[in-house]
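Student: Please work out how this folds:
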Amino acid sequence: MKSTFMTGICITSADVLLTHFSHEAFEKCTLPPVFLEPGIRQDQIMKLFQRRQGHLAIVKDPKTQTNLDIVTMEDVLVSLVADIFDEHGN
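Tutor: So this is what the prediction gives:
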């Protein structure tokens, strides 16, 4: 008997999920987006990720409401670790 293993999944659209799940089920497994203003400190971003139980945020210009970038928890952690190494001269 041949074994089948799922190695990953890529979802390109909410429509893909909605073809297999009800709208209500889909809403239960989604979180509202987290928006940040440019210039927010890394420690504040980490606290926001913890509070919102997420690891991705959209940076939005407060004046134009234009989406500028995406920040992930990994981005913040890599930056913090680099800062620690720089402080100690490594």
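
Student: tell me the contacts of residue 81?
Tutor: Applying C-beta atoms under 8 Å, 6 or more residues apart in numbering to residue 81 gives no contacts. Backbone N, C-alpha and C define where each C-beta goes, glycine included.

Student: Quick one: residues contacting the spatially most central residue of the chain.
Tutor: Nearest to the mean C-alpha position of the chain, by C-alpha atoms, centre = their mean, lies residue 56 at 1.5 Å. Contact partners of residue 56, counting by C-beta under 8 Å, 6+ apart, are 34, 70-73.

Student: any idea how far it is from residue 30?
Tutor: Distance, residue 56 to residue 30, by C-beta to C-beta, to the nearest Å: 12 Å.

Student: re earlier: selection in ChimeraX covering whichever of the contacts of residue 56 are buried, please.
Tutor: The buried residues among the contacts of residue 56 can be selected in ChimeraX (16 or more other C-beta atoms under 10 Å) with this line:
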select :34,71
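
Student: could you pull out the helices for the chain?
Tutor: Using DSSP state H, the helices found in the chain span residues 14-18, 23-28, 42-52, 73-87.

Student: ok, of these, where does mean pLDDT dip lowest?
Tutor: The weakest mean pLDDT among the helices of the chain belongs to helix 14-18, with a mean of 66.

Student: what pLDDT does the residue nearest to the centre of the chain get?
Tutor: For residue 56, the model assigns a pLDDT of 88.

Student: Good, wrapping up.
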